[in-house]
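Engineer: Give the three-dimensional model of this entry:
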Amino acid sequence: MTSLFQPLQMGALELPHRILMAPMTRGRGTRDHVPTTVMVDYYAQRASAGLIISEAIGISQQGLGWAYATGLWSKEQVTGWKLITDAVHAKGGRIIAQLWHMGRVVHPSFLRGGQPVSASVTTAPGLAHTYAGKQPYIAARALSTEEFPELVEQFQQATRNAIEAGFDGVQVHAANGYLIDQFLRDSGNFRTDSYGGSIDNRIRLLKEVTEAVAEVIGADRTSVRLSPSSYDLGVRDSDPEPLFVRVAQVLSEIGIAHLELREPPLDGTFGASERPPLASIIRQAFKGVLILNSDYDFERAQAAVEAGFADAIAFGRPFIANPDLPKRLRDRLPLSQDDASTWFTQSAEGYTSYPAYETAIA
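Structural biologist: Next up, the predicted model:
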């Protein structure tokens, strides 16, 4: 019987257990998207995770439209992230960089008035969070075929920068309604060229980016994040099962180290007939390590691993208030509750202020 606390070989990385820290954007960088010293403490506090998947990190200014989020395209950003990875490694941890292009969700105020890009001419719903407050999104322009090589090169350069910054691997962010997800799903991709229409065409950008990243860092240090059952930022697909099964097959052929799915479990506990919506089907198509994420507590996580639905579980919000989450789960210690009002501030309060269990008791 597989346990959350058993070691796991994930490509080139040997994990001491199967409790991972999911990527969570927390807005603690500078306005120039450079990591800050408080981020060093935050990640070091959580180094006991089997693996830390970093917050989403922009590959270019064109792709980053989140206030106080960080990037990985300048020397200053690389230097800032190197301080973080060094601190995590000094505590015996492992950390990979999640590479991010937001596509149509980048407001023009982050682009000096420029227009965001996407698969097609579409507009994200809702309001963008900008330095000037909430503002309406504007219509994105469709990327031209001539721009794809440059976009792929940006992912490659971000991967080179991640290596220089000391990361143990990278994850391509292809989930949650951002650029690559906008290409994958038919609600955001109306192209008639080789990047639109059929499933294989809509997958093409993800395939090219993943192959390019793996060429730089190795497939055994490359991963991808998907959200096949989610409807994020106005992006969805009319028939997700064949789409994401094919995506899993393509990624399996590339040989990436792991695939992370943001797949909330159905209500109740996992049983013989209950499983995450598409994970079990994707599991059959993907031959590497499969990670599930979203709304897992200990019981659900352990049941998912025992049942073989996943090889490991990535926890998000529980890591916010419990920097020592693996120990708390292993010893069945009570969990602290996080304060949602501090999720995206620039303060250390609600970021590095949550103590480990022994400190809290003392």
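Engineer: Break down the protein into its helices, ranges please.
Structural biologist: Ranges of helices within the chain are 37-45, 75-90, 148-164, 179-184, 199-217, 240-254, 279-285, 298-306, 317-321, 325-330, 357-361, based on DSSP state H.
Engineer: Out of those helices, which gets the lowest mean score?
Structural biologist: The weakest mean pLDDT among these belongs to helix 357-361, with a mean of 82.
Engineer: roughly how far out does it sit from the chain middle?
Structural biologist: Distance, stretch centre to chain centre, for helix 357-361: 30 Å (CA atoms, centre = their mean, to the nearest Å).
Engineer: Check stretch 129-136 too.
Structural biologist: On CA atoms, centre = their mean, the centre of stretch 129-136 falls 23 Å from the chain's centre.
Engineer: what comes into contact with that stretch?
Structural biologist: Residues from elsewhere that reach stretch 129-136 (CB atoms under 8 Å, 6 or more residues apart in numbering): Arg31, Gly65, Trp66, Ala67, His107, Ser109, Phe110, Leu127, Ala128. To be clear about C-beta, it is placed using only N, CA and C from the backbone, and glycine gets the same treatment.
Engineer: Make sure Val172 is actually in contact with Leu206.
Structural biologist: Yes - applying CB atoms under 8 Å, one finds Val172 in contact with Leu206, separated by 7.2 Å.
Engineer: Report the buried residues of stretch 90-110.
Structural biologist: 93-108, 110 (16 or more other CB atoms under 10 Å).
Engineer: for stretch 350-362, that is, sorry about that
Structural biologist: Within stretch 350-362, the residues that count as buried by 16+ other CB under 10 Å are Gly350, Tyr351, Thr352, Tyr354, Pro355, Ala356, Tyr357.
Engineer: Could you dump those into a markdown table with distance to Trp343 added?
Structural biologist: Compiled in a markdown table, those are given as follows (distance: CB to CB, whole Å):
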| residue | distance to Trp343 |
| --- | --- |
| Gly350 | 7 |
| Tyr351 | 9 |
| Thr352 | 14 |
| Tyr354 | 12 |
| Pro355 | 18 |
| Ala356 | 20 |
| Tyr357 | 22 |
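Engineer: Ramachandran angles for the residue lying closest to Thr145 once chain neighbours are set aside?
Structural biologist: Excluding the flanking residues, the one nearest Thr145 by CB to CB, 6 or more residues apart in numbering is Asp193, at 6.1 Å. Reported as degrees, to the nearest 10, the phi and psi values for Asp193 are phi -100, psi -160.
Engineer: tally of neighbours for Asp193?
Structural biologist: Applying other CB atoms under 10 Å, we find 11 residues neighbouring Asp193.
Engineer: Likewise for Thr130?
Structural biologist: Using other CB under 10 Å, the number of residues around Thr130 comes to 15.
Engineer: So what pairs up with it in the strands?
Structural biologist: Taking DSSP bridges as the rule, Thr130 bridges to Gly133.
Engineer: Out of the buried residues of stretch 350-362, which comes closest to Leu151?
Structural biologist: Closest approach between these and Leu151, by CB to CB: Tyr351, at 32.2 Å.
Engineer: Leaving out the residues flanking it, which one is nearest to the closest one?
Structural biologist: Tyr42 (5.6 Å).
Engineer: got it, and Glu208?
Structural biologist: Sequence neighbours aside, Val152 is the residue nearest to Glu208 in space, at 5.4 Å (criterion: CB to CB, 6+ apart).
Engineer: So Tyr43 versus Leu83, what's the distance?
Structural biologist: According to CB to CB, to the nearest Å, Tyr43 and Leu83 sit 10 Å apart.
Engineer: Between the two, tell me which one has more neighbours.
Structural biologist: Counted by other CB under 10 Å, Tyr43 and Leu83 do not tie: Tyr43 has more neighbours, with 25 against 17.
Engineer: mind listing what the more buried one touches?
Structural biologist: Residues counted as contacts of Tyr43 (CB under 8 Å, 6+ apart) are Ile52, Ser54, Ile84, Ala87, Val88, Ile95.
Engineer: Mind listing the residues bridging to the residue nearest to the last one when sequence neighbours are not counted?
Structural biologist: Same thing as Ile95. Once flanking residues are discounted, Ile95 sits nearest to Ile52: 4.2 Å by CB to CB, 6+ apart. Listed by DSSP bridges, the beta-bridge partners for Ile52 are Met21, Ile95.
Engineer: just Glu260 next, same as before
Structural biologist: As for beta bridges, Glu260 partners with Arg225, Ile291 under DSSP bridges.
Engineer: Can you give me the distance of it to Asn189?
Structural biologist: Relative to Asn189, Glu260 is positioned 22 Å away (CB to CB).
Engineer: Please apply the same query to Thr123.
Structural biologist: Counting by CB to CB, the gap from Thr123 to Asn189 is 14 Å.
Engineer: Which one of the two is surrounded by more residues?
Structural biologist: Neighbour count, other CB under 10 Å: between Thr123 and Asn189, Asn189 has more, with 23 against 14.
Engineer: Let me see the contact set for that one.
Structural biologist: Shown in contact with Asn189 (CB under 8 Å, 6+ apart): Ala119, Ser120, Gln182, Phe183, Tyr195, Gly196, Arg202.
Engineer: average pLDDT for stretch 137-145?
Structural biologist: The average pLDDT within stretch 137-145 is 97.
Engineer: how far out from the middle of the chain is that stretch?
Structural biologist: Between the centre of stretch 137-145 and the centre of its chain there are 23 Å (CA atoms, centre = their mean).
Engineer: got it, and stretch 106-125?
Structural biologist: 21 Å.
Engineer: Let me know the average pLDDT across it.
Structural biologist: Mean predicted confidence for stretch 106-125 is 97.
Engineer: Let me know the closest of the contacts of Tyr43 to Leu290.
Structural biologist: Ile52 (18.3 Å).
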